[in-house]
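[1] sequence plus predicted model, see below.
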Amino acid sequence: GRAFLLGCAALALLLVVLALLARLAAWNRRDVVAEAWMERHTPLYGVNVGGWLVLEKWLCGTTSLRTKCCGEVASPYSAAAAGDSE
């Protein structure tokens, strides 16, 4: 009973330590193919302009928006802005 459980726990701990050591060894390896690809290509940088140029319902989520120039403005997704009486 108890000796078997201790043996299983020790084996599990040993496997965890071996897995961590294998991962550490993989981190220290150089990827020559990836390094050569990076030298040949220029990095591409991008910007997310969601909510700035395009007003998405899931980005604003409110019934009105506060702007610096116009104050409180009804959201285009609210029933009042659509002309609905609901």
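    Yes, it's here.
[2] show me the contacts for residue 67.
    By C-beta atoms under 8 Å, 6 or more residues apart in numbering, the contact list for residue 67 reads residue 73. Glycine gets a C-beta too; all of them are placed from N, C-alpha and C.
[3] so how far is residue 47 from it?
    Note on residue 67: its distance to residue 47, by C-beta to C-beta, to the nearest Å, is 22 Å.
[4] show me where the chain has its helices.
    In the chain, the segments counted as helices under DSSP state H are 2-27, 32-40, 57-60, 79-82.
[5] now mean neighbour count too, for those, in a markdown table please.
    Output for these, formatted as a markdown table (neighbours: other C-beta atoms under 10 Å):
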| stretch | mean neighbour count |
| --- | --- |
| helix 2-27 | 9 |
| helix 32-40 | 9 |
| helix 57-60 | 11 |
| helix 79-82 | 12 |
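[6] want to throw those into CSV with mean pLDDT and distance to residue 71?
    Shown next, in CSV, are the helices of the chain (pLDDT from 0 to 100; distance: least, C-beta to C-beta, whole Å):
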stretch, mean pLDDT, distance to residue 71
helix 2-27, 88, 54
helix 32-40, 89, 49
helix 57-60, 59, 16
helix 79-82, 53, 15
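[7] and residue 74, how many neighbours?
    13 (other C-beta atoms under 10 Å).
[8] do you know the pLDDT at it?
    Listed pLDDT for residue 74 reads 71.
[9] roughly how far apart are it and residue 68?
    Using C-beta to C-beta, residue 74 is found at 16 Å from residue 68.
[10] next: residue 15.
    Counting by C-beta to C-beta, the gap from residue 15 to residue 68 is 59 Å.
[11] likewise for residue 24?
    52 Å.
[12] residue 5 too?
    Applying C-beta to C-beta, the value for residue 5 to residue 68 is 66 Å.
[13] ditto for residue 31
    From residue 31 across to residue 68, the span is 48 Å (C-beta to C-beta).
[14] these two - which one has more neighbours?
    Between residue 31 and residue 68, counted using other C-beta under 10 Å, the more crowded position is residue 31 (9 against 5).
[15] what's the pLDDT at residue 46?
    Residue 46 is assigned 81 on the pLDDT scale.
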